[in-house]
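**Student:** The following comprises the amino acid sequence and a computationally predicted model.
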Amino acid sequence: MTELHFYRGLRTIGGTVIEIATPAARCLFDFGSAGLETWQRPVNVRPDAMVYDALRTGALPMIDGIYNREALRDLPLAPYDKIDRPVFFLISHIHIDHAGSLGYLDDSIPVFMSRKSFSIYQTLCELGDFEYRLHTNCTALEDADWVTVGDIRFRALAVDHDIPGACGFEIVTPDGRIVYTGDFRLHGFNREDSLNFVRTVRGADVCISEGVTVSFIADFDAVIPSPETENTHNTEQELLTAVEAAVRLATGVVFLNGYNRNLERMRRLPELMDRCSREMVWEPDTACLLEACCGMSGLPVYAPFEKTAFPDGRKRVPREMIQSEPEKYGLQLSFANLLETLDFARCAPLYLHTNGVPLGDYDPAYRQLLDFLEKQRIPFLSLGCGGHAEPANLKYLLETIAPRYLVPLHSLTPEKIKIEGAQQVLPVEGSVYRLENGRLI
């Protein structure tokens, strides 16, 4: 008998934690963050009680058999060393809401992710960009290669998302075939990956799917399924075209605030800037990501943010160099370094926001960003492209999978997500379903 446990992420955007359990193994996915950073005012963490505090405050899910015995203290959970069968995790991609809590797991738990995700995860941990610590027992998967743990077989299949290495999973137990989409779309640079994924897993017994964009429409039933994206005006390529047009019109320095894990977009910016007779200058951490994960080298790096000696081949760009000829530069500048803009008041700056932090007006920091730029008289332009399938594309993808049961989640309104021929299942947190001979009970 196979059991499906639904722990988290059912009516939220992110934070998915699901378990597939058989008599011989336990498979969980994903394991994202919902930590103390969600408090309105930051609270100091206790380094010697990270797991305990996160469990007590609800930042981590209360699940038996995945945490270290000593870290649990007196909490009524079975520690990892008391499990009765192998337990392992699958990670669909390295966004904070899908992988941010990996460091809290017992060190011995195997974690599987795509090879590209593995490279990004290691680099981000080296840069101190993950909570707590690096989880050391990680295995890189080759695309579409089957792996068996106990009586559970699984494979990672690449999908298009706004971070390299994103994948969905096909999971097979003695009782049926389960598909987890992770986060996917059709309007990125690798749309064929998502199309190949849904064709490969067609006819699954259970499809567990994200549904982010449906949170913001009234009626998914009225949506006409389509694989086309030309009319959405929201593809990655169209975004780059719009960015280039804005840069060409700018007369001074251009600040770019983008999400540095969107490496497929980031690695294209130097060529874009070169066409505009500008040089792209990077924050050091972003340069490290591009060098480690995209094979780039010799990247110009903004000297004032230097933490350690730059590797050989990097060009150091002092503040004064950009100030003297601002029309020749684009500077990647995260929200954390916003005050740097104060030194370019006479450089006709443009602040270009492309899916960087803060992500939108639901974040109080977004209003702070706009107020700051207005006070400094710095023009602001927002150009974005989302990482999740638009409703028409999502319906097409799900109808192509054509599952027997559809479990929509990772959405504010999963109840809207229905497709013809599939029985919709809407679990609540903590619920358990049985899969028997392809039937979900």
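**Tutor:** It's in. Residues are numbered from 1 along each chain as shown.

**Student:** you'd agree residue 435 is in a strand?
**Tutor:** Yes: assigned with DSSP: H, G, I helix; E, B strand; the rest coil, residue 435 falls within a strand.

**Student:** Let me know how buried the closest residue to it other than its chain neighbours is, in neighbour terms.
**Tutor:** Residue nearest to residue 435 in three dimensions, not counting chain neighbours: residue 2, with 4.1 Å by CB to CB, 6 or more residues apart in numbering. Backbone N, C-alpha and C define where each C-beta goes, glycine included. Neighbours of residue 2 under the rule other CB atoms under 10 Å: 24.

**Student:** Just to check, residue 227 is in contact with residue 390?
**Tutor:** No: assessed by CB atoms under 8 Å, residue 227 is found out of contact with residue 390, at 10.8 Å.

**Student:** Which one of those two is surrounded by more residues?
**Tutor:** Neighbour count, other CB under 10 Å: between residue 227 and residue 390, residue 390 has more, with 21 against 14.

**Student:** Now the common contact residues for residue 227 and residue 390.
**Tutor:** Here residue 227 and residue 390 share the contacting residues residue 186, scored by CB atoms under 8 Å, 6 or more residues apart in numbering.

**Student:** Next up, the contacts around residue 294.
**Tutor:** 164, 263, 266-267.

**Student:** Where helices are concerned, which of the residues you listed count?
**Tutor:** Counting by DSSP state H, the part of the contacts of residue 294 found in helices is 263, 266.

**Student:** Relative to residue 248, which of the contacts of residue 294 is nearest.
**Tutor:** Nearest to residue 248 among the contacts of residue 294, counting by CB to CB, is residue 266 at 19.5 Å.

**Student:** So for that closest one, what pLDDT did the model give?
**Tutor:** The model reports residue 266 with a pLDDT of 97.

**Student:** got any ranges where the stretch 151-300 of the chain has weak pLDDT?
**Tutor:** 230-233 (pLDDT under 70).

**Student:** what ranges do the helices span in it?
**Tutor:** With helices called from DSSP state H, counting those that start in this stretch, the stretch 151-300 of the chain shows them at 191-200, 236-249, 263-266, 269-275, 284-294.

**Student:** To residue 102, which of these lies closest?
**Tutor:** helix 284-294 (17.5 Å).

**Student:** Which residues belonging to the closest one are considered buried?
**Tutor:** The neighbour-count check on helix 284-294 (16 or more other CB atoms under 10 Å) flags 284-294 as buried.

**Student:** and if you look at stretch 355-367?
**Tutor:** 355-358, 366.

**Student:** Just the residues you listed: which are in strands?
**Tutor:** Using DSSP state E, no member of the buried residues of stretch 355-367 falls within strands.

**Student:** between those residues, which is closest to residue 101?
**Tutor:** Using CB to CB, residue 357 is the member of the buried residues of stretch 355-367 that lies nearest residue 101, at 19.0 Å.
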